[in-house]
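Undergrad: give the three-dimensional model of this entry:
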Amino acid sequence: MKQRFRKIGAIVLLMVLTINLFPVNSSATVNKPSSTWNLSTKGTYSGGGDAKNTALYSNYNFTGASKMRVKVVNKGDSKITVNVYRTDDWVSYYRKTVDSKTTMYFDMNITSSKKYYLKFSAPCKFDCTVSKI
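TA: Below is the predicted model:
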């Protein structure tokens with residue numbers, strides 16, 4: 001019985017470490033995000049998407065950091081325009097174009113109490129990560 005509890009404890013510990021140390025994978029969405037991802041408490045966000053005719057958004061609004069790094073891996077044959085918006089403004093806060101079959105990193109100074117989301121132009125096929133730096 002004692003060994004069973006140790007095994008269960010080890011499995012639970014492994015699950016907690018896996019959740020906290022590795023990025024969470026999720027797909028992009030066609031709607032602006034309504035959920036929030038706190039980069040300070042949840043760590044790195046990882047996602048991606050594939051769309052032919054519709055722009056895609058990150059699944060989350062990002063907050064909790066004064067500096068944010070975005071990595072975009074363009075896996076498609078077209079350039080992708082990535083816009084970063086603040087939820088309380090309609091003007092793009094930051095914009096980058098990622099050439100086809102390339103990877104781009106960009107860092108931004110942001111306000112840690114504000115929320116930011118990503119929008120990817122169509123057509124697009126990409127992976128991305130967002131992290132606090």
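Undergrad: ok, residues contacting stretch 108-121?
TA: 28, 32-33, 36, 40, 49, 51, 55-58, 60-70, 72, 80-88, 93-94, 126, 128, 130 (C-beta atoms under 8 Å, 6 or more residues apart in numbering). In this view, the C-beta of every residue, glycine as well, is placed from N, C-alpha and C.
Undergrad: what subset of those residues is buried?
TA: 28, 33, 49, 51, 55-58, 60-65, 68-70, 72, 80, 82-87, 94, 126, 128, 130 (16 or more other C-beta atoms under 10 Å).
Undergrad: among these, which are in strands?
TA: Mapping the buried ones among the contacts of stretch 108-121 onto strands (DSSP state E) picks out 49, 51, 56-57, 60-63, 68-70, 72, 80, 82-86, 94, 126, 128, 130.
Undergrad: measure stretch 42-54 end to end?
TA: 29 Å (C-alpha to C-alpha, to the nearest Å).
Undergrad: list the buried ones in that stretch?
TA: For stretch 42-54, burial by neighbour count (16+ other C-beta under 10 Å) applies to Lys42, Gly43, Thr44, Tyr45, Ser46, Gly47, Gly48, Gly49, Ala51.
Undergrad: report pLDDT for the first one.
TA: According to the prediction, Lys42 has pLDDT 96.
Undergrad: what about Ser40, which SS state?
TA: helix (DSSP: H, G, I helix; E, B strand; the rest coil).
Undergrad: so it touches Ser66, yeah?
TA: No. With contact defined as C-beta atoms under 8 Å, Ser40 does not reach Ser66; the gap is 9.6 Å.
Undergrad: for the nearest residue to Tyr94 once chain neighbours are set aside, which residues are in contact?
TA: Sequence neighbours aside, Val84 is the residue nearest to Tyr94 in space, at 4.0 Å (criterion: C-beta to C-beta, 6 or more residues apart in numbering). Residues near Val84 by C-beta under 8 Å, 6+ apart: Val70, Ser92, Tyr93, Tyr94, Arg95, Met108, Tyr116, Tyr117, Leu118, Lys119.
Undergrad: redo that, cut-off 10 Å
TA: For Val84, the contact set (C-beta atoms under 10 Å, 6 or more residues apart in numbering) comprises 58, 62, 68, 70, 92-96, 106, 108, 110, 116-119, 130.
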